[in-house]
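generate a structure from the sequence data that follows.
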Amino acid sequence: MPIETPFDRYRDVVRPEWIDHNGHMNMGYYLVVFDFATDDWFNYVGLDRQHRAQHNITTFCLEAHATYHQEVRQGDPLRFVTRLLDFDAKRLHYFHEMYHAERGYLAATNELMSLHVSLTTRRAAAMTAPLLERLEAIRQAHARLPPVPQVGRVIGLNARLKANAAANAGQSHRG
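Numbering: from 1, shown residues only. Down below sits the predicted model:
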């Protein structure tokens, strides 16, 4: 099977029930639709229903980081692009980009770390050799993609704001 570089198959539409009081998609539903994109991605890499049933495994999300770039509204078509960043015997590190499918702008990103888990023990379990081989082929293909700036980001204020906050914290306020 050829390697899609990047994986570019999942599509959706912003549903009415995802809209909040601001008239755009609520932040919680970004994670819902990113999870739908993850399901499609897992099917592609081989972590599909058949694999899960045959090996009595599942995946758990260990960490997820979302960034929001431009709002999407009810009825907007969505396109998801996914890349494998890295993996080991038990974990997958991957990254989704959500685009407005017609206008082409980046709406949001989602960086995730998932764990391959035995349903019997509810503990981490090594992936099968064929799955690891497929992931290695995908990782090598995706490693040639240009880097994306959102990967590895942390939440925090920049140094100037931190310095101002520290200076202001030492001042006494009298009213």
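
around the residue nearest to L47 when sequence neighbours are not counted, how many other residues sit close by?
Using Cβ to Cβ, 6 or more residues apart in numbering and skipping the chain neighbours, the partner closest in space to L47 is T59 (6.3 Å). The way it works is simple: take the backbone N, C-alpha and C, and place the C-beta from them, glycine included. T59 is flanked by 17 other residues according to other Cβ atoms under 10 Å.

now swap in V72 and tell me
Neighbours of V72 using other Cβ under 10 Å come to 26.

check R123 too.
Considering only other Cβ under 10 Å, R123 is surrounded by 9 other residues.

heads up, I number from 25, so please use that
With 25 as the first residue, the last one maps to R147.

that one: what's it in contact with?
By Cβ atoms under 8 Å, 6 or more residues apart in numbering, the residues touching R147 are V141.

mind checking how far it is from A165?
31 Å (Cβ to Cβ, to the nearest Å).

and the nearest residue to Y54 once chain neighbours are set aside, how far is that from H120?
Computed as Cβ to Cβ, 6+ apart, the closest residue to Y54 that is not its neighbour in sequence is A132, at 5.3 Å. Shown here: A132 relative to H120, a distance of 8 Å by Cβ to Cβ.

touching, the residue nearest to L71 and V141? I think so.
Yes - using Cβ atoms under 8 Å, T83 is in contact with V141, at 6.4 Å.

straight-line length of stretch 108-115, end to end?
One end of stretch 108-115 sits 11 Å from the other (Cα to Cα, to the nearest Å).

so for that stretch, mean pLDDT?
For stretch 108-115, mean pLDDT is 98.

now do stretch 41-56
97.

sorry, back to before: the residue nearest to L71 pairs with what?
H140 (DSSP bridges).

isn't T82 up against D72?
No - using Cβ under 8 Å, T82 is not in contact with D72, being 11.8 Å away.

related to what we said a few turns ago, overlap in contacts, A132 and H120.
Common neighbours of A132 and H120 (Cβ under 8 Å, 6+ apart) are F58.

quick revisit: against V37, how distant is the residue nearest to Y54?
15 Å.

so those two - more neighbours on which side?
A132 (24 against 13).

helix/strand/coil for that one?
Of the three states, A132 takes strand under DSSP: H, G, I helix; E, B strand; the rest coil.

what sits against it?
54, 58, 90-93, 121-122.

repeat that for E160.
So E160 contacts F111 (Cβ under 8 Å, 6+ apart).
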